[in-house]
Every structure is written in C-alpha cells, then in structure tokens.
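In: take a look and give me a structure for this.
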Amino acid sequence: MILTPQSHFSKMTATTDTATLREDATVIGLVGIVHGTSHFFQLLIPPLFPWLMREFGLNYTEVSVLMTIFFVISGSGQSIAGFLVDRYRSWRVLCFGIGILVLSALVLSAATSYVMLILAVVLAGMGNCVFHSADFTLLNRLVSPQRLGHAFSVHGLSGNLGWAAGPLVMVGMASFAGWRAAAQLGAALGVMTLLLLVSQRRRLDKPDAAETQVVAKPAAATQAGSSFAFLNSHLVWMCFSFYFVSSMALGVLQNFAPVLLHEVYGLSLTISSSCLTAYMLGSAGGMVSGGFLAARGAHDRVIATALGSAACVALLLATGLVPAWTVPLIMAVMGFGVGLAGPSRDLLVRRAAVQGAGTGAFGRVYGFVYSGMDGGISLAPLIFGPILDAGHYPLAFYGIALLQTLSVMTALRVGVGSRRTALATATPS
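Out: This next block holds a predicted model:
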C-alpha cells in the first residue's frame with residue numbers, strides 16, 4: 001500500500017499522540033502513587049489516638065496538639081519546599097520527603113513517651129511539606145495541557161484513597177498486632193514507594209521547561225523575575241484563604257470523625273473509622289467526576305455547588321436525628337461533594353498562579369497556597385479539641401458546615417477575581 005504524504009503525516013501524528021498519552025499516563029500514575037502515600041502518612045497517627053491515649057494517659061487536647069504540631073511544621077515548610085522544588089527539581093525533593101516520613105513512622109513505633117510522639121510528628125510534618133509543590137510542578141510541566149484536568153483528578157483521587165486506606169490499615173493492624181506494629185507497617189509502605197520513585201528517576205527527574213514556557217509569556221516572566229513576586233498577587237492570597245478555611249473542616253473530620261460519630265450516634269470505634277473511610281471513598285468518587293466537570297470551566301461555580309451541598313449534609317449530621325445505619329452513606333455523600341470540587345479547585349489555583357506569577361513559579365505558588373491548607377488543619381484541633389473535651393459533640397458538625405459555607409464564598413471571590421484579571425490583561429490599554 002502506498003501512503004500519500006497526508007496519510008503518512010496522519011499516521012505519524014497518531015503515533016506521537018499515543019506515545020504522549022502513554023507518557024502522560026505514566027507520570028500521572030507515578031505522581032498519584034506518591035501523593036496517595038503522603039496522604040496515608042497524614043492519617044498514620046489519628047486512627048491510633050485511642051491506643052496512644054491509653055498507653056500514655058493523654059486527653060483529646062493533648063493528642064490534638066500532636067496534629068497541630070504536624071500541620072504547623074508541614075505548613076511552614078510548604079513555602080520553603082516550593083523554592084527548593086523550583087531550584088533542585090521535584091524528584092529529588094520527593095525522595096527526601098518520603099525518606100523523612102519513613103523515619104517518622106519508625107520513631108513512632110519506638111515511642112516510649114509523649115516527647116517521642118512529638119518528635120515523630122515533627123519529622124512527619126517535615127516530610128509531608130514537600131508533596132503538593134513537587135507534585136503539581138511535575139504535573140504542570142510534564143503532562144500535556146489538555147490532560148491537566150484529569151491529571152489533577154487522579155492526583156486528588158489518589159490522595160483520598162490514601163486517606164481512606166489510612167484508618168483501615170492502621171486500625172486493622174493495631175487491633176491485630178498493636179499500635180507499634182501498625183507504625184512499622186506504615187514505614188514499610190513508605191519504603192516501597194521510595195524504591196518505586198528511585199526506579200523511575202529517568203521519567204521524573206528532567207530539567208524543568210519553565211524557561212521555554214515563560215518565553216512565550218513575557219508578561220508572566222517579568223512578574224516572576226523576583227522570587228517573592230507572587231506574594232503581590234491578590235489571587236494567590238485569595239487561594240491561600242480558600243485553602244485555609246476549607247481545610248479546617250477537613251481537619252475536624254480527619255482527627256475526630258470516629259469520636260464524633262461514636263458519641264453522637266453510638267457507633268463503635270471500628271464502624272466510626274469505617275465511616276471516615278466511606279467519606280474518603282466518596283471523596284475519591286467525587287474527584288473522578290470532578291475531573292470531567294473541571295474540563296468544562298466555571299471552576300468557582302462547580303466548587304460552590306459541591307461544597308454547598310456538603311455543608312447541608314454536615315448540618316443534617318449535626319442534628320443527630322438520622323438513623324445510625326445511614327451514617328456511612330451520609331458521610332460518603334458529604335465526601336463526594338468535597339471531592340467533586342477538587343479538580344476545579346486545583347485548576348483555579350493554576351490559573352491564579354499563571355496570572356499572578358508566571359509559569360516559572362509553580363513550586364512557590366503551590367507551596368504557599370497549600371501552606372494555607374496545613375495552617376487550617378493545624379488550627380482545627382486547637383479549636384475543636386477543647387469543645388470535644390467539654391462534651392459538645394454535635395457542635396463540631398455545625399462548625400464543619402459553617403467552614404464549608406465560608407469556603408464557598410471564598411471560591412466565588414477567587415473566580416470573580418480571576419476573570420477580572422484575565423479581562424484586564426486582554427483589554428488593550
């Protein structure tokens with residue numbers, strides 16, 4: 001068969017597209033596994049609270065302080081990690097982060113005092129701080145633009161699966177072999193991820209293409225000339241505020257959902273932990289659907305609708321009137337709403353990053369914005385721990401609903417500000 005120049009060109013294009021799809025899928029999958037591991041480690045300690053409280057004679061406020069320390073360290077380190085990612089490349093920073101997480105799990109497994117628990121969470125916070133800036137820099141620079149929505153969807157999905165696996169694995173192992181064995185299992189899982197990352201260095205440890213991208217956008221390059229120029233962008237600050245508020249609601253659920261559901265609905269700790277897993281799985285399902293919605297645009301409206309629905313579900317749980325057997329389903333529905341907003345949220349931040357600082361500052365912008373998430377999660381235990389110690393359990397669900405409502409308002413402000421900035425840039429002076 002004789003190929004015409006046109007058919008030969010079409011065949012070459014199809015081959016190139018297939019190769020690009022395969023490479024994109026590989027990068028997305030690898031980053032997803034790494035992100036899932038980081039989220040698993042975020043829930044390494046909270047499921048062990050009942051065991052740690054009995055072992056060391058701690059109350060809710062004291063174990064809450066542990067998670068506050070974790071997220072303060074992680075949040076403080078996020079911005080620093082962003083600079084390291086932009087300078088030293090994402091793969092190297094990711095290997096460092098996973099290595100420190102493994103060390104933190106080993107310290108936890110050997111803990112004999114509250115001070116050693118604090119050391120474990122300090123190390124865990126140092127390891128956790130690198131992932132968002134490194135992950136999103138890899139995705140933005142190595143994945144084709146038309147697949148970024150789905151890349152962010154998989155990224156969020158893997159994180160939620162990591163969260164979902166955390167309580168199941170840790171509670172299951174702690175019930176079977178003790179909390180120290182559970183911590184050792186967590187360390188082993190971290191080592192497996194680190195070995196995978198090392199084996200895939202060729203795919204991930206590539207020179208950043210920021211210079212090429214910025215040449216195409218001189219205005220962005222000018223803005224990105226200063227290392228701290230992104231802090232002058234009101235869009236970046238609004239994204240920081242959105243993450244701060246929305247993550248406080250997440251922090252309450254991560255740390256206290258099993259206790260809340262046990263006290264409000266009389267569920268056993270095992271079933272209550274399964275409800276948290278149902279929430280995370282529902283969120284994972286929402287992430288998948290959210291990837292398709294994010295590709296259509298109107299990101300702020302998608303976020304508002306999804307988080308508004310989640311707030312209504314939180315209010316329903318606060319009443320304590322729903323049958324106990326429906327709680328896992330209700331938690332899954334709330335998780336679906338939060339997950340649905342995820343990909344649109346990440347694309348909204350990407351737009352703010354490009355408009356506010358240029359493509360050469362992905363690491364710094366994502367590091368700073370996601371430090372707001374850690375800040376919110378670190379504050380949540382300090383606020384809600386004493387409330388639970390006082391026995392006001394339903395009040396926590398009302399607080400979650402309020403925080404999700406504030407998230408809706410902030411997301412809408414980010415969307416309006418982004419459209420105004422885009423319009424001002426497009427309008428000739």
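In: P258 reaches T277, doesn't it?
Out: No: the pair P258 / T277 is not scored as a contact, 10.0 Å apart, by C-beta atoms under 8 Å. (Glycine included, C-beta is placed from N, CA and C.)
In: elements contacting the host helix or strand of L382?
Out: Assigned by DSSP states H and E, L382 belongs to helix 362-389. On a contact count with 3 or more C-beta pairs under 8 Å, 6 or more residues apart in numbering; DSSP states H and E, helix 362-389 meets helix 60-88, helix 131-142, helix 234-265, helix 342-357, helix 393-426.
In: worst average pLDDT in those?
Out: Note on the helices and strands packed on helix 362-389: helix 342-357 shows the lowest mean pLDDT, a mean of 70.
In: so what angle separates the directions of the helix holding L382 and helix 393-426?
Out: Calculated by axes from the mean of the first three to the mean of the last three C-alpha atoms, to 10 degrees, helix 362-389 forms an angle of 160 degrees with helix 393-426.
In: identify each buried residue in helix 362-389, please.
Out: By 16 or more other C-beta atoms under 10 Å, the buried positions in helix 362-389 come out as 362-381, 384-385, 387-388.
In: the inter-axis angle of it versus helix 60-88?
Out: Going by the same axes, to 10 degrees, helix 362-389 makes 180 degrees with helix 60-88.
In: now do helix 362-389, average pLDDT.
Out: 78.
In: that helix vs helix 131-142, what angle?
Out: 150 degrees.
In: so what's R202 up against?
Out: By C-beta atoms under 8 Å, 6 or more residues apart in numbering, R202 lies in contact with nothing.
In: the helices in the stretch 51-200 of the chain, which residues?
Out: Assigned by DSSP state H, counting those that start in this stretch, the stretch 51-200 of the chain shows helices spanning 60-88, 90-109, 114-128, 131-142, 148-177, 179-199.
In: contacting residues around the last one?
Out: Going back to what we said before, that points to helix 179-199. 30, 33-34, 37, 40-41, 44, 48, 51-52, 55, 91, 94-95, 98-99, 101-102, 105-106, 108-110, 169-171, 173-174, 204.
In: drop anything exposed from those.
Out: If we count by 16+ other C-beta under 10 Å, the contacts of helix 179-199 have these buried: 30, 33-34, 37, 40-41, 44, 48, 51-52, 91, 94-95, 98, 101-102, 105-106, 108-109, 169-171, 173-174, 204.
In: got the contact list for T68?
Out: Contacts of T68 (C-beta under 8 Å, 6+ apart): S378, L379, P381, L382.
In: circling back: can you check which residues contact both of P258 and T277?
Out: P167.
In: point out the most buried one among the helices and strands packed on helix 362-389.
Out: Mean neighbour count (mean count of other C-beta atoms under 10 Å) peaks for helix 131-142 among these, with a mean of 27.
In: check which helices and strands it is in contact with.
Out: Against helix 131-142 (3+ C-beta pairs under 8 Å, 6+ apart) you get helix 5-42, helix 60-88, helix 90-109, helix 148-177, helix 342-357, helix 362-389.
In: let's have those helices in CSV, adding distance to F240.
Out: Shown next, in CSV, are the helices and strands packed on helix 131-142 (distance: least, C-beta to C-beta, whole Å):
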stretch, distance to F240
helix 5-42, 20
helix 60-88, 10
helix 90-109, 21
helix 148-177, 18
helix 342-357, 10
helix 362-389, 4
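In: to M409, which of these lies closest?
Out: M409 lies closest, by C-beta to C-beta, to one member of the helices and strands packed on helix 131-142: helix 342-357, at 14.2 Å.
In: was I right about I118 contacting I69?
Out: Yes: I118 lies in contact with I69 (C-beta under 8 Å); the separation is 6.2 Å.
In: and stretch 309-320, how far from the chain's centre?
Out: Offset of stretch 309-320 from its chain centre (C-alpha atoms, centre = their mean, to the nearest Å): 23 Å.
In: that one: which residues count as buried?
Out: Applying 16+ other C-beta under 10 Å to stretch 309-320 flags S309, A310, A311, V313, A314, L315, L316, L317, A318 as buried.
In: just the C-alphas of that stretch, formatted as PDB.
Out: C-alpha atoms of stretch 309-320 as PDB (Å, rounded to 0.1, in the frame of the first residue of the first chain):
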ATOM      1  CA  SER A 309     -24.100  20.500  49.200                       C
ATOM      2  CA  ALA A 310     -21.500  19.100  51.600                       C
ATOM      3  CA  ALA A 311     -22.300  21.900  54.100                       C
ATOM      4  CA  CYS A 312     -26.000  20.800  54.000                       C
ATOM      5  CA  VAL A 313     -25.100  17.200  54.700                       C
ATOM      6  CA  ALA A 314     -22.900  18.300  57.700                       C
ATOM      7  CA  LEU A 315     -25.900  20.200  59.100                       C
ATOM      8  CA  LEU A 316     -28.000  17.000  58.700                       C
ATOM      9  CA  LEU A 317     -25.400  15.000  60.700                       C
ATOM     10  CA  ALA A 318     -25.300  17.700  63.400                       C
ATOM     11  CA  THR A 319     -29.000  17.200  64.300                       C
ATOM     12  CA  GLY A 320     -28.300  13.600  65.400                       C
END
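In: list of residues touching that stretch?
Out: Residues contacting stretch 309-320 (C-beta under 8 Å, 6+ apart): 249, 264-265, 322, 327, 330-331, 333-335, 337-338, 394-395, 397-398, 400-402, 404-405, 408.
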